[in-house]
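Student: structure, please.
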Amino acid sequence: MLDTTSEGALAALVADLERALVAQDSDAVAGLFLETGFWRDLAAFTWNLKTCEGRDQIAEMARAQLPRIAPKALSLDPTETVAEAGGVTEGWLVIETAAGRGQGYIRMKEGKIWTLLTTLHELKGHEEPRRFRRPMGAEHGHDPKRQTWKEKREAEAARLGHEEQPYVLVIGGGQGGIALGARLRQLSVPTIVIDKHPRPGDQWRNRYKSLCLHDPVWYDHLPYIPFPDNWPVFAPKDKVGDWLEMYTKVMELNYWSSTTAKSAKYDDAKAEWTVIVERDGQEITLRPKQLVLATGMSGKANVPKFKGQDVFKGEQQHSSQHPGPDAYRGKKVVVIGANNSAHDICAALWENGADVTMVQRSSTHIVKSDSLMEVCLGGLYSEQAVANGITHEKADMIFASVPYKIMADFHVPQYAEIKKRDADFYAALEKAGFMLDFGDDESGLFMKYLRRGSGYYIDVGACDLIIDGSIKLQSGKGISHLSETAVVLDDGTELPADLVVYATGYGSMNGWAADLISQEVADKVGKCWGLGSNTTKDPGPWEGEERNMWKPTMQQGLWFHGGNLHQSRHYSRYLSLQLKARYEGIDTPVWGLEAPHHLA
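Tutor: Predicted coordinates for the structure are as follows:
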């Protein structure tokens, strides 16, 4: 009997897609999509992170990749239910190719594929040692040469980087480098993670005293070991630092602390890097095949240049260097900037008795934390979502299944609702002189983050201090210069200061490549981050994925890893599998590698 339900229609569409994929019929595959359909692939079909937009591009990718990838199966996941709402039917997929297995997510509209997500989750013959494959630990029987787990681990750590070379060197041991290191460890890829700090987690411990995560706990888990169910919703920085240190130890990462990378050079003939590092005062040469810069979105401080900085008699700090408010009670502080760090620092200084002024040079998107949680995040990342069966792994996949091209369309109505909900709050901020925006297209925080990584504040209380004047505000003005005792604005206003904090954000991650390798390589790779949306600080042309992140770059053997805790967790899976495949000699034909449009 013919199944005329939406679930039956989706099952028939998926069956047609499977037949076309297995037959390597690119035109048939493309014909199953809406003319304006999307196929987002995370390493399963393209060995890249790539979104194909429209039938022509989908057909182009399929023609190039299906013979190389050799799809074996694609079906609806029998353990999951199909959902239907507003004329859109969606469901989970199970995927198999010649090289690996993965998961997917599909949305059907008007009988055709609207969005398709395909992701690689494991390589055949190289599955992670989890669940039924977990190691025994104990070795039963008798062996006079037996080594304990600890002895084997210590011997490995002593060899790697000395007698044996790592296949992957990860520079940067914050949450990104640690998450990637854990993935590669489970995949048995010889890896060293290096970081300049004395202990894992110091990247967080050394930040300003009041820092807490602005994203909720459900959004922030690391791979393999989720936070316990009594973990704070918004974790203080020192708890995050301690968790990262614990995680590094129990996941048995080869983590070299107090280690600085001094130079790196790629040998095309040998297809390997020569990286000079200094560890505890000793210079060591490493020769990895793959180099990952995991220095993070908040890695290279952007300190603006103003006339008079050399004559100012007070202290000057970038926000990443700010120790906290304790030493500044009774002092006059000028904070230049009006995003997350600026608000946090201003509020903490005010609480500790400083006279603090914020200088806002351009508009900022503000969203109250509770509104963000309830309107935007709650359906995917919340205690209620977990109760509804949406784990953070499922939430990551659902979030990833929305192509960036149409993501703003999903967010605009959410932020319109927030505008109404918090109308009095926004009116009070504007009355205080604060310059507000909701992004160039009114799509709010997430799109600003994805496009430019800056320009917003998740309000956890500092805005009330601006509204009532406790934090003084100078908005819509630039900096003319610094005198010996003050910050002078371009309208002549003088702001006496004992301390100037530059809460002015961070530069593109390829700045690290310029410093470590060469400007030539940095330019060859181009700008990191941003989608090419042609919005403020995200110049076009449209690229459809984050530039250079978690995927092959124009420089062979060079990769970039960064982002928030959610991105470090989710995208470390695909980066680690790309690296594992190369380590094992599996063919990885990359489709859609893009030349840079912007250098920084």
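
Student: isn't V521 up against G557?
Tutor: No: with contact defined as Cβ atoms under 8 Å, V521 and G557 do not form a contacting pair (10.6 Å). Where you see a C-beta, it was placed from the backbone N, CA and C, and this is true even at glycine.

Student: and the one helix or strand V14 maps to, what does it pack onto?
Tutor: Secondary-structure assignment from DSSP states H and E places V14 in helix 6-22. Helix 6-22 sits against helix 26-31, strand 71-76, strand 88-97, strand 100-109, strand 112-123, with contacts defined as 3 or more Cβ pairs under 8 Å, 6 or more residues apart in numbering; DSSP states H and E.

Student: let me have the ones you listed in a markdown table, extended by mean pLDDT and distance to G379.
Tutor: As requested, the helices and strands packed on helix 6-22 are exported to a markdown table (pLDDT from 0 to 100; distance: least, Cβ to Cβ, whole Å):
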| stretch | mean pLDDT | distance to G379 |
| --- | --- | --- |
| helix 26-31 | 98 | 31 |
| strand 71-76 | 98 | 22 |
| strand 88-97 | 98 | 14 |
| strand 100-109 | 98 | 15 |
| strand 112-123 | 98 | 17 |
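
Student: in TSV: those, plus distance to S362 and mean neighbour count.
Tutor: Listed next are those as TSV, based on distance: least, Cβ to Cβ, whole Å; neighbours: other Cβ atoms under 10 Å:
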stretch	distance to S362	mean neighbour count
helix 26-31	43	19
strand 71-76	47	19
strand 88-97	38	20
strand 100-109	37	22
strand 112-123	34	22
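
Student: right, and those - which one's nearest A59?
Tutor: helix 26-31 (3.7 Å; Cβ to Cβ).

Student: can you tell me which helix or strand K524 belongs to?
Tutor: helix 519-525.

Student: sec struct for Y426, please.
Tutor: helix (DSSP: H, G, I helix; E, B strand; the rest coil).

Student: thinking again about what came up before, which residues do V521 and G557 both contact?
Tutor: Shared contacts of V521 and G557 (Cβ atoms under 8 Å, 6 or more residues apart in numbering): Y266.

Student: ok, the closest residue to G324 other than its chain neighbours to R451 distance?
Tutor: Leaving out its chain neighbours, the residue that sits closest to G324 by Cβ to Cβ, 6 or more residues apart in numbering is K209, at 2.9 Å. For K209, the distance to R451 equals 31 Å [Cβ to Cβ, to the nearest Å].

Student: neighbour count for these two, which is higher?
Tutor: R451 (25 against 16; other Cβ atoms under 10 Å).

Student: okay, and the more buried one sits in which element?
Tutor: helix 445-452.

Student: who does that helix touch, helix- and strand-wise?
Tutor: Secondary elements touching helix 445-452 (3+ Cβ pairs under 8 Å, 6+ apart): strand 365-368, helix 404-421, strand 456-459.

Student: need the ones you listed in CSV (columns: distance to W231).
Tutor: CSV is the format used below for these (distance: least, Cβ to Cβ, whole Å):
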stretch, distance to W231
strand 365-368, 22
helix 404-421, 26
strand 456-459, 19
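
Student: and the ones you listed: which comes nearest G141?
Tutor: Nearest of the helices and strands packed on helix 445-452 (Cβ to Cβ): helix 404-421, 54.6 Å.

Student: the closest one to strand 112-123, inter-axis angle?
Tutor: With axes from the mean of the first three to the mean of the last three Cα atoms, to 10 degrees defining the directions, helix 404-421 sits at 100 degrees from strand 112-123.

Student: center of the protein, which residue is that?
Tutor: Centroid-nearest residue in the chain: G563, 2.4 Å away (criterion: Cα atoms, centre = their mean).

Student: for the residue nearest to that residue when sequence neighbours are not counted, the count of nearby residues, please.
Tutor: Sequence neighbours aside, M297 is the residue nearest to G563 in space, at 6.0 Å (criterion: Cβ to Cβ, 6+ apart). By other Cβ under 10 Å, 20 other residues sit near M297.

Student: these two touch, right, M297 and G507?
Tutor: No: judged on Cβ under 8 Å, M297 makes no contact with G507 at a distance of 10.2 Å.

Student: overlap in contacts, those two.
Tutor: Joint contacts of M297 and G507 (Cβ under 8 Å, 6+ apart) do not exist.

Student: quick check: bridge partners of I113?
Tutor: F33, M108 (DSSP bridges).

Student: quick one, phi/psi of the closest residue to Y224 other than its chain neighbours?
Tutor: Take Y224 and drop its neighbours on the chain: the residue closest to it by Cβ to Cβ, 6+ apart is A182, 6.2 Å away. When read as degrees, to the nearest 10, the backbone of A182 gives phi -70, psi -40.

Student: and K112, how close does it get to Q321?
Tutor: Counting by Cβ to Cβ - K112 and Q321 are separated by 54 Å.

Student: scratch that, M397
Tutor: For M397, the distance to Q321 - Cβ to Cβ - is 38 Å.

Student: which of these two has more neighbours?
Tutor: Higher neighbour count among M397 and Q321: M397, with 21 against 15, using other Cβ under 10 Å.

Student: got TSV for the helices and strands packed on helix 6-22, with distance to D242 too?
Tutor: Converted to TSV, the helices and strands packed on helix 6-22 look like this (distance: least, Cβ to Cβ, whole Å):
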stretch	distance to D242
helix 26-31	49
strand 71-76	43
strand 88-97	36
strand 100-109	33
strand 112-123	30
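
Student: can you list the weak-confidence ranges in the stretch 1-150 of the chain?
Tutor: For the stretch 1-150 of the chain, the stretches flagged by pLDDT under 70 are 1-4.

Student: recalculate using a threshold of 90.
Tutor: Scanning the stretch 1-150 of the chain for pLDDT under 90 picks out 1-5, 137-146.

Student: and the closest residue in space to P236 that isn't next to it in sequence, what does it touch?
Tutor: Nearest residue to P236 in three dimensions, chain neighbours excluded: C212, at 5.0 Å (Cβ to Cβ, 6+ apart). Listed by Cβ under 8 Å, 6+ apart, the contact set of C212 reads 234-237, 460.

Student: ok, back up a step: confidence score at the residue nearest to the centre of the chain?
Tutor: Looking at G563, its pLDDT is 92.

Student: for the record, mean pLDDT for the host helix or strand of V292?
Tutor: V292 is located in strand 290-293, with elements delineated by DSSP H and E. Mean per-residue pLDDT for strand 290-293: 98.

Student: stretch 329-338 now?
Tutor: On average, stretch 329-338 scores 98.

Student: residues in contact with that stretch?
Tutor: The contact list for stretch 329-338 (Cβ under 8 Å, 6+ apart) reads 304, 319, 342, 345-346, 349, 352-362, 364, 434, 457, 475, 479, 487, 495-505.

Student: got the end-to-end distance for it?
Tutor: Across stretch 329-338, the terminal residues are separated by 21 Å (Cα to Cα, to the nearest Å).

Student: list the buried residues in it.
Tutor: Across stretch 329-338, burial judged by 16 or more other Cβ atoms under 10 Å covers 331-338.

Student: before we move on, what about stretch 135-148?
Tutor: Judged by neighbour count (16+ other Cβ under 10 Å), stretch 135-148 contains no buried residues.
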